[in-house]
Structure formats: structure tokens, C-alpha cells
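**Student:** sequence below, structure please.
(2 chains)
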Amino acid sequence: MKFNHFIYIKCKVRNQNRILVKLYKNKINVYDVIKKGEEIYLKVLESDYERIKKTIVTAKFYYVSESGFYRVKKMITPLKIFAVLLFLFLTNFFSNVIVKVDVIHSNKEIRDLVSKSLEAEGIHVWSLKKDYNTLQSIKERILNTYKDRLEWVEIESSGMRYVIRIEERIINHFESENKFCHIVASKSGVIDSIVSTKGEIVVHEGQYVKEGDILISGEIVFNEEVKNNVCASGTAYAEVWYETHVSLPIEYITKERTGKKRFNISFESDSGKYKLLKSRLVTHEDESKVLFRFFNFTFYLDTEYETVETKNKYDLETGTNVALELATEKIQTKFKDNEKIKVQKVLKNTINDSTIDVDVFYSIIENIATVEEYTVIPTEEEGS
Amino acid sequence: MHLYKTMRNFLMDFDYYIDLYEEKIHVFNYIDIVKLTDEEIVLAMPAFTLTLKGTKFVVKRLEKREILIEGTLEDVRFQR
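**Tutor:** Numbering: from 1, shown residues only, chains lettered A, B, ... in the order given. Reported below is the predicted structural model:
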């Protein structure tokens, strides 16, 4: 297939219409005319260009560019074709390559176990993604190898990484009960509630118990005679008392935003988060938005809000309240099921040059049940 | 005979025609350009002279038998 070879030429002339009439008189076709001030651009056949220059000598013509198919042909150079092919190849490569393998499980031993198996199966960093059937067979092989350790394995492709989720197989070994134990008080206090799942309760609600007292006995007594021994279990909530001392710095710093903000770019990798540009604000608070992720790096657009720091001082009342909140928060972090604060009271609060000292009394409902084993010496009858 | 004439004309394109569009004039099978300015274009046609008057006339395409003009047409005259 042969295409007409059109080119754009230009000339600078005042009476542009005369040029067109001259071209017409010389039987030269003009396929497009663009007028730009005193310049006129003409689309003509490439074969006519030399004839135009010879026949119209009153104006000087200049070659501008190719047109149509030949323009496209001129644009496509081997280097450009190579660049496009390279781009396609790299896009294809990076969309099929794994840059991270995340094995998700709380147990490090299980994680290492599965990571090693995956490496042996060819799933590691910089390896190519596997198809669905291969992944299924890899999962089956891992499960078969560690059938007593693993319950379920899932390999999930998420962008350029594989996320491996594991369910550990937990085998419960029910040991025959061959030990005897009491539930004793780990602390002194007044029993609030007591529940036994095995064994006999020997204290009642409202009773004061000392540390080490038996709360639920492993000895099953009938008619004042020990008929059986078990390992007692249950819960015993008691009211126990604590006294804590909190020392709070009298000065505290508050930050206020001035309304001035600057933008910055930061990136995060395994080793931490780093800013690309030096911050132009002395003190600031940052808010980050994810821009994009590239391999193992996450790029953020940070908005830095300028802040002004002001030093303030607590008065005795406010300082005491803050100290009380801190103490309560700290105590509550240690709480287990159904444990709670019953009463809290400030015993003493003093203000010094640099600190506020607060003594707080707490009455807490706490599980004081703890297991204590005991041995039974078999009688002669039992022994024989 | 009529069929022959129609077929011949279809294949050979002997007939002239003038198409008027909004801000465009297309003339086919003209004989010669008599006058070409920004306000007036005079074309010699097989049986008459065609005078186009208007403003901002620009020739967009110019071939042996075909001309495409852009501009605002105000007056068309046929002179035998």
C-alpha cells in the first residue's frame, strides 16, 4: 500500500492569495492552508515541493514537517520502539515479581517453619508469582509435611507481595489427673464472690482471709472424713487495698497550632521513616497521607503544622486530678477479667517546688485465687 | 440513453456543484479562478461566472477541479 507523501511548507508573503492562484495556475494541488499573520503554511505533495520552489521565485519556501503516515513513520525510531518494549517488559516483570513474603502468625517458630518451606518451594523475595494450581499444590505439600503442626495455610497475592496466613494445629493432651491442689489466697482481703468449678468452698462472702488461706479445698469431705482428693479450681474475688504514691512534674507543656503549614515528603521502609526535605518549621505537628507505594517503600505527603509550645503550671487541685487519672490508668492496665476499682481516695497531696506528690488509696475487687499443690500420703489400707 | 448519461456522470464527475455550509463553501468542477481576495472570489464555471462576496475568505484546499473556502458568505451571484 502506497501513501501520498504530504509535507507542510511555509513562506512569508503579503499577498497570500496570489501565491495560491499561482499554484493553481501551475496545476499544483494544495491540500491544506493555514494562515498565521504574514506566514502561510501549505500542505502539498512532497514531489511538488521542488517544482513550487522553481516556479514561484517571488517567495521563499521552507520545509516545515512531514504529514500523515510519513510523519508517524519519522517519529517511530528504533530507540523509541526499544524504549516502549523495555517499558512493557519491565511493567510485566514488576507486576509478576514478589518483593516481600509476609508470613503472619504470632508464633515465631511456626513463621520460620513456613518461611523455610516456602523458600524450598521457590516462593521468596524477587521470585516470580506462581499460578493458582501451583500455589494450591504448594499449600497441600506444606500441610502434608507439617500435618501435626499446621491446620490451614493460605497464600494470598496482594500487589507485589505474598501474604501467608497460617492456622496452627493445637492438639489438646488431656493428661490424667494425678495431682491434688487447693485454691489459696494470694493476698489478704475480704471475699467478695467465690465460685468453684472443682473442689469444696471453705470460706464465705464477706469473710476476711489472709494470704495463704485455703479458699477452695481439694479434699472432698463427707461426714468429717476425707473421701476423695481433687485438684481444686475456681475464682475468688476479694476486696484488697493498695496505697500508691504519684509524683507529677508541676510544669507541663501545651502545643498550639499557629495556622501556618508547610508540605514535605517522607518515605518509610523497614528501617524507619525519613523526611526527604529538611523541615522549614522549628516546632511542628505532622499529618501524613500515603502518596504511593514502590517496592518496600511507602511515600507520604506530610503536612507540617507549626506549633507554639507554652509552659504551664498545675495548681494543687488540677495536679491532683491529673495524678489520680494517671494512677488509675496504670492500675487498670493490670486488671484481668471482672476486676475493678471499688473505692479510690486521695490520702495526701502536697505541692513542692517542682512536683506535686499525691498518695492515693485504692480498694480493688481482684481475683486472689492461686493454685497450691499438696500431696496425699496413702494410708496402709490404701497402700495394700 | 438517460441511464448511460447518469452512469457516465457518476463515474466521470463531469457536473459541477456548489455546496454552501455554515462558514464554508465547496465548489466542484470549476474551470478557473478569476479573482481571489479576502472579500471576493470569482470562479469561472462551465456555463457561468460565480461571484462569492463576504468577509475573511480563506482558501483551505485548492485542487485542479475543487476548491474549499472558509469565511462568512454574504452574497452569491451567477453571471451568464
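
**Student:** so what touches stretch A:329-348?
**Tutor:** A:237, A:239, A:242-244, A:320, A:324, A:328, A:357-367 (CB atoms under 8 Å, 6 or more residues apart in numbering or on different chains). In short, each C-beta sits where N, CA and C put it, glycine included.

**Student:** next one: stretch A:243-259
**Tutor:** Contacts with stretch A:243-259, where a contact means CB under 8 Å, 6+ apart, come from A:283, A:285, A:305-314, A:319, A:322-324, A:326-327, A:331, A:347, A:351-362.

**Student:** so which of those sit within strands?
**Tutor:** A:285, A:305-313, A:347, A:351, A:355-362 (DSSP state E).

**Student:** flag the shaky bits of the stretch 51-200 of chain A, pLDDT-wise.
**Tutor:** Along the stretch 51-200 of chain A, segments meeting pLDDT under 70 span A:172-177.

**Student:** quick check: the residue in it positioned nearest to chain B vs A:Val13, distance?
**Tutor:** Nearest to chain B, among the residues of the stretch 51-200 of chain A, is A:Ile52, at 12.7 Å (CB to the nearest CB). Noted for A:Ile52: a distance of 13 Å to A:Val13, by CB to CB, to the nearest Å.

**Student:** the more surrounded of these two?
**Tutor:** A:Ile52 (21 against 17; other CB atoms under 10 Å in any protein chain shown).

**Student:** residue numbers of chain B in contact with chain A?
**Tutor:** B:33, B:36-38, B:58-64 (CB under 8 Å from any CB of the partner chain).

**Student:** most widely separated two among those residues?
**Tutor:** B:Asp38 and B:Lys64 (23.1 Å; CB to CB).

**Student:** who's more crowded, the two?
**Tutor:** For B:Asp38 versus B:Lys64, the count of surrounding residues by other CB under 10 Å is larger for B:Asp38: 14 against 11.

**Student:** host element of that one?
**Tutor:** Using DSSP states H and E, B:Asp38 sits in no helix or strand.

**Student:** that one contacts B:Lys56, correct?
**Tutor:** Yes. Counting by CB atoms under 8 Å, B:Asp38 does reach B:Lys56; the two are 6.4 Å apart.

**Student:** what is in contact with the two at once?
**Tutor:** Counting by CB under 8 Å, 6+ apart, the residues touching both B:Asp38 and B:Lys56 are B:Gly71.

**Student:** name the SS class of the residue of the stretch 51-200 of chain A closest to chain B, please.
**Tutor:** At A:Ile52 the chain is in helix, as set by DSSP: H, G, I helix; E, B strand; the rest coil.

**Student:** what residues does chain A have near chain B?
**Tutor:** So far as CB under 8 Å from any CB goes, chain A lies against chain B at A:17-18, A:20-21, A:23-24, A:27, A:29-33, A:35.

**Student:** of all the residues you listed, which two lie farthest apart?
**Tutor:** So, those by CB to CB: farthest apart are A:Lys27 and A:Lys35, at 22.5 Å.

**Student:** neighbour count: these two, which is higher?
**Tutor:** More crowded of A:Lys27 and A:Lys35, by other CB under 10 Å: A:Lys35, with 13 against 10.

**Student:** tell me which helix or strand that one sits in.
**Tutor:** Using DSSP H and E, A:Lys35 falls in strand A:32-36.

**Student:** quick one: strands adjacent to that strand?
**Tutor:** If you go by DSSP bridges, strand A:32-36 pairs up with strand A:39-45 (antiparallel).

**Student:** for the partner strand, C-alpha coordinates in PDB please.
**Tutor:** Coordinates of the C-alpha atoms in strand A:39-45 are reproduced here as PDB (Å, rounded to 0.1, in the frame of the first residue of the first chain):
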ATOM      1  CA  GLU A  39       3.200  33.400   7.100                       C
ATOM      2  CA  ILE A  40       1.200  30.900   5.100                       C
ATOM      3  CA  TYR A  41       1.600  27.100   5.700                       C
ATOM      4  CA  LEU A  42       0.700  24.800   2.800                       C
ATOM      5  CA  LYS A  43       0.200  21.100   2.700                       C
ATOM      6  CA  VAL A  44       1.400  19.800  -0.600                       C
ATOM      7  CA  LEU A  45       2.800  16.700  -2.200                       C
END
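
**Student:** so which bits of that strand are buried?
**Tutor:** Under the neighbour-count criterion of 16 or more other CB atoms under 10 Å in any protein chain shown, strand A:39-45 has A:40-45 buried.

**Student:** do the same with stretch A:55-65
**Tutor:** For stretch A:55-65, by 16+ other CB under 10 Å, it's A:56, A:59, A:61.

**Student:** same check on stretch A:355-375?
**Tutor:** Counting neighbours by 16+ other CB under 10 Å, stretch A:355-375 gives A:355-360, A:362-370, A:374 as buried.

**Student:** who's the one residue sitting closest to the centre of chain B bridged to?
**Tutor:** Against the mean C-alpha coordinate of chain B, by CA atoms, centre = their mean, the closest residue is B:Val27 at 2.6 Å. Beta bridges link B:Val27 to B:Ile18, B:Ile67, judged by DSSP bridges.

**Student:** on that earlier part again, can you redo the buried residues of strand A:39-45 as JSON lines with pLDDT?
**Tutor:** Output for the buried residues of strand A:39-45, formatted as JSON lines (pLDDT from 0 to 100):
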{"residue": "A:Ile40", "pLDDT": "91"}
{"residue": "A:Tyr41", "pLDDT": "93"}
{"residue": "A:Leu42", "pLDDT": "93"}
{"residue": "A:Lys43", "pLDDT": "93"}
{"residue": "A:Val44", "pLDDT": "93"}
{"residue": "A:Leu45", "pLDDT": "92"}
